[in-house]
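Visitor: Here's my sequence, what's the structure:
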Amino acid sequence: MLENPQTKSGYHHGNLKTALISAADEIIREKGIEGFSLRECARKAGVSVGAPAHHFGTATGLLTEVALLGYADLGLMLNAVPVTPDPGSDMRALAIAYVTFAMTHPGRFRLMFRPDLINREDPRYGQASTEALSGFAGAISRRKEVGPDKMAEIFVVWSSIHGMANLVIDGKARYLFGGVTPEQFVASVLPGVLTRSWPFS
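Guide: Coordinates of the predicted model:
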């Protein structure tokens with residue numbers, strides 16, 4: 001019987017952890033959170049069944065690493081949105097990028113906000129989420145109408161666009177907007193929705 005070239009003997013310690021995180025991320029991308037298990041992750045990585053628990057302790061430890069990857073990629077997408085003199089326009093562009101991320105990575109997106117599956121007490125989690133949303137915070141701060149409680153405004157804006165993102169990946173936009181696909185909604189419908197909902201500058 002041929003040995004799997006990706007058995008644990010073929011990994012250095014650090015490489016094995018990376019391989020397990022990649023395997024977990026791939027499972028979530030292909031099957032959603034419901035398809036994830038430590039056993040399946042070990043199988044996909046080609047390592048012993050006990051390897052994930054050995055390196056991460058529990059499923060929560062491993063899934064937290066995947067969520068952190070999600071926040072890192074969300075931050076890259078949001079921080080790639082150009083800053084312009086019009087903070088309202090920037091906020092709408094950031095919102096489109098946020099929904100696009102959710103639509104492109106629905107498994108990661110759902111995981112990132114599951115307190116029952118990830119460790120929110122990990123200091124890296126708070127840092128990653130804060131850095132990912134820094135573009136929204138900056139645009140809100142630059143608005144002429146910004147109130148004294150910036151965090152309240154961030155909460156309202158984030159709640160709004162997070163709800164939109166969830167509705168899109170749940171397939172609700174198709175029923176509300178004449179059968180459009182998620183891609184069509186983001187490209188053709190969402191900009192107008194945001195202009196009407198967030199008319200501020």
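Visitor: what about residue 140, helix or strand, and which?
Guide: Per DSSP states H and E, residue 140 falls inside helix 134-142.
Visitor: So which elements touch that helix?
Guide: Counting contacts by 3 or more CB pairs under 8 Å, 6 or more residues apart in numbering; DSSP states H and E, helix 134-142 packs against helix 59-79, helix 87-104, helix 150-169. Glycine gets a C-beta too; all of them are placed from N, C-alpha and C.
Visitor: could you give the mean pLDDT of the next helix or strand after the last one?
Guide: The element immediately downstream of helix 150-169 (helix or strand, assigned by DSSP H and E) is helix 172-176. For helix 172-176, mean pLDDT is 91.
Visitor: Check which residues of the helix or strand harbouring residue 127 are buried.
Guide: Per DSSP H and E: residue 127 is located in helix 123-132. Of all the residues in helix 123-132, those buried under the rule 16 or more other CB atoms under 10 Å are 125, 128-129, 132.
Visitor: And stretch 148-168, by the same measure?
Guide: Those would be 153-154, 157-158, 161-162, 164-168, for stretch 148-168 by 16+ other CB under 10 Å.
Visitor: now, among the residues you listed, which is nearest to residue 96?
Guide: Nearest to residue 96 among the buried residues of stretch 148-168: residue 161, at 9.0 Å, using CB to CB.
Visitor: The chain - how does it break down into domains?
Guide: Following automatic domain parsing, the chain resolves into domains at 8-57, 61-197.
Visitor: mean pLDDT for those: which is lowest?
Guide: domain 8-57 (a mean of 85).
Visitor: chain center to that one, what's the gap?
Guide: 20 Å (CA atoms, centre = their mean, to the nearest Å).
Visitor: Next: stretch 48-65.
Guide: 20 Å.
Visitor: next one: stretch 125-141
Guide: With CA atoms, centre = their mean, you get 13 Å for stretch 125-141.
Visitor: so how far does it reach from one end to the other?
Guide: 23 Å (CA to CA, to the nearest Å).
Visitor: residues in contact with that stretch?
Guide: For stretch 125-141, contacts defined as CB atoms under 8 Å, 6 or more residues apart in numbering pick out 64, 67-68, 71-72, 74-75, 78-79, 81, 83, 87-88, 90-91, 94, 118-120, 146, 150, 153-154, 157-158.
Visitor: Out of those residues, which end up buried?
Guide: Using 16+ other CB under 10 Å, the buried ones in the contacts of stretch 125-141 are 64, 67-68, 71, 74-75, 78-79, 81, 87-88, 90-91, 94, 118-119, 153-154, 157-158.
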